[in-house]
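Chemist: only the shape, not the letters, is given here:
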Ligand code: CDP
């Protein structure tokens, strides 16, 4: 968030540098059940962001002192792979990824019916393969689909998107340049069914009127993402047209294995 409003990121026709209108999302692709070894998984592309989420559990919580006898704990780990950004990212947790992991964990713990699984841990691993701003939102969007794919009961599926301010205009779903040189960034996650806001952070400044407009834009976009999340799960379980998809076939046995 450079706040450099001199950099022209929106032209006189209201078109952004990637060709979008101010209230337009980047192209989104969501796929559920992409990993065989995980209990649930999802792959999400939002513009140039590429994010993978895998869920393991509910499983016995270790170390035991972290167990809650009344409910499950949800532990999300957000990680950016070294090659996901233009400058190689030093592997391992840093302040930023610890913060993002904490807020995604808290958001997810609120939607999962944790009281169904006392003493367990639900572990969600979020790997950012390619980053282009809005990765916490893409990570959360992927984590929600992966949890649903794992069959874990939840209040709802959670979509997330960032809204911001660029060249004095409120814009939806900031890309990297807009995030770096814009004036404000406001990531939002919500429960579409109830309208509850699950996550909201703000970097930069917005007036009350701009904030209201940003929130309205974000909520509308969250509903669009929510439909794509549900579509991904429907495709995965082929409930479209009442058909049941064949069980995925086991991979052919490795002929060299016996030798
Ligand atoms: O990704 P998100 O917008 O949720 O978080 P951010 O902290 O606002 O980061 C914005 C963007 O900066 C990321 O999506 C990356 O594209 C980039 N970034 C980077 O290039 N190197 C880092 N170590 C961290 C972020």
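Modeler: Ah, there it is. From a predicted model like this one, the values you see are computed outputs, not experimental measurements.
Chemist: what's the following helix or strand after the helix or strand residue 190 falls within?
Modeler: Take DSSP states H and E as the rule and residue 190 turns out to sit in strand 184-191. Helices and strands here follow DSSP H and E; after strand 184-191, the next one along the chain is strand 196-200.
Chemist: ok, residues contacting that following strand?
Modeler: Identification of contacts with strand 196-200 by CB atoms under 8 Å, 6 or more residues apart in numbering yields 103-104, 107, 110-111, 140, 158, 160, 186-191. For glycine as for every other residue, the C-beta is placed from the backbone atoms N, C-alpha and C.
Chemist: pLDDT at residue 238, what is it?
Modeler: Looking at residue 238, its pLDDT reads 79.
Chemist: same check on the one 5 residues further on?
Modeler: Looking at residue 243, its pLDDT reads 64.
Chemist: now do residue 251
Modeler: Residue-level pLDDT assigned to residue 251 equals 53.
Chemist: next: the one 4 residues further on.
Modeler: The predicted structure scores residue 255 at 48 on the pLDDT scale.
Chemist: residues in contact with residue 217?
Modeler: Taking CB under 8 Å, 6+ apart as the definition of contact, the neighbours of residue 217 are 23, 163, 170, 172.
Chemist: list the neighbouring strands of the strand holding residue 190 plus their orientation.
Modeler: strand 160-166 (antiparallel), strand 196-200 (antiparallel), strand 203-204 (antiparallel) (DSSP bridges).
Chemist: nearest to residue 203, of the contacts of strand 196-200?
Modeler: Minimum distance to residue 203 across the contacts of strand 196-200 is 7.8 Å, recorded for residue 186 (CB to CB).
Chemist: the closest one contacts residue 166, correct?
Modeler: No: when contacts are counted by CB atoms under 8 Å, residue 186 is not listed as touching residue 166 (11.9 Å).
Chemist: lovely, talk soon.
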